[in-house]
Every structure is written in structure tokens, then in C-alpha cells.
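Participant: Sequence plus the predicted model coming up.
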Amino acid sequence: EVQLVESGGGLVQAGGSLRLSCITSGFTLDDFAVGWFRQAPGKEREGVSCISSRDNLTYYKDPVKGRFTISSDHAQNTVYLQMTSLKPEDTGVYYCASVRGICTVVAALPWMYDYWGQGTQVTVSS
């Protein structure tokens, strides 16, 4: 059974940092792309970043480029999202998701992903 469990969210002031973790099970990171997504109140879920091993690719949406870093630890079956220089507009519920494939194909498009975690809240105060 595929499972993804996010953690690391919280309340932080603008300019601060957080590191989110996505612990995965039931599949291997060698064959799956893992993406991070977020959803602000009243808004649609949007892609943030993607990582995949088969094409050795990391991908970022423009609003987070240069501030967020995605990484993976295959031994721990965990994907991380290091977030720095946080802004109030980064506030939302952050989800990780996975799909068999590569970021070159699935990018950070929510409808391309099959498995989702339950989410972790990130709140950035101004």
C-alpha cells in the first residue's frame, strides 16, 4: 500500500524557514516522481516542486524558485522541501504526492499524481 505522510509545518514569521518532510512507503523513489503542492484557503491546489531519480530532475514553479529546495533520501524513503525566505503568500496546506514516472513528464501538475498525503499546515505571518 502506497502511503505518504507529511510533517514539519508550522507558524513562522515572514523571512523565516521551514523544512517539510514526506515519509513514503509502498514504493521506491527510484521509480516514482514525488511532488510538493499547496492549497491556500479558497484557492485551487497548485504545484510547487517535483523530484525524480530516473531523469535526475528537480523542478520548481516560478513563485518558489531560488527560495525552496527539494531533495530526497532514498535510504530513508523521505522527500524534503526546504523553504527559506518565506512570504505570507506561501501560507497554505502543503501536500506531497507521488506517481510512477518522471518530473519531465508530470512536472508539478496535480492531476498527474496518483497518491497523496494528508497535508501539513504552513502559516507565514507578516
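Facilitator: In hand now; what should we look at? Residues are numbered from 1 along each chain as shown.

Participant: now the most centrally placed residue in the chain: how far from Ser126?
Facilitator: Nearest to the mean C-alpha position of the chain, counting by Cα atoms, centre = their mean, stands Trp36 at 2.0 Å. The gap separating Trp36 from Ser126 is 23 Å, by Cβ to Cβ, to the nearest Å. Glycine gets a C-beta too; all of them are placed from N, C-alpha and C.

Participant: Met83 and Ala14 touch, don't they?
Facilitator: No - using Cβ atoms under 8 Å, Met83 is not in contact with Ala14; the gap is 12.0 Å.

Participant: Please enumerate the helices of the protein.
Facilitator: 103-106 (DSSP state H).

Participant: neighbour-wise, which of Met83 and Ala14 wins?
Facilitator: Met83 (26 against 13; other Cβ atoms under 10 Å).

Participant: That one pairs with what?
Facilitator: Leu18, Phe68 (DSSP bridges).

Participant: How many residues are close by Lys87?
Facilitator: Per other Cβ under 10 Å, the neighbour tally for Lys87 reads 14.

Participant: got a list of what it touches?
Facilitator: 14, 124 (Cβ atoms under 8 Å, 6 or more residues apart in numbering).

Participant: I'm done for today, thanks for sticking with me.
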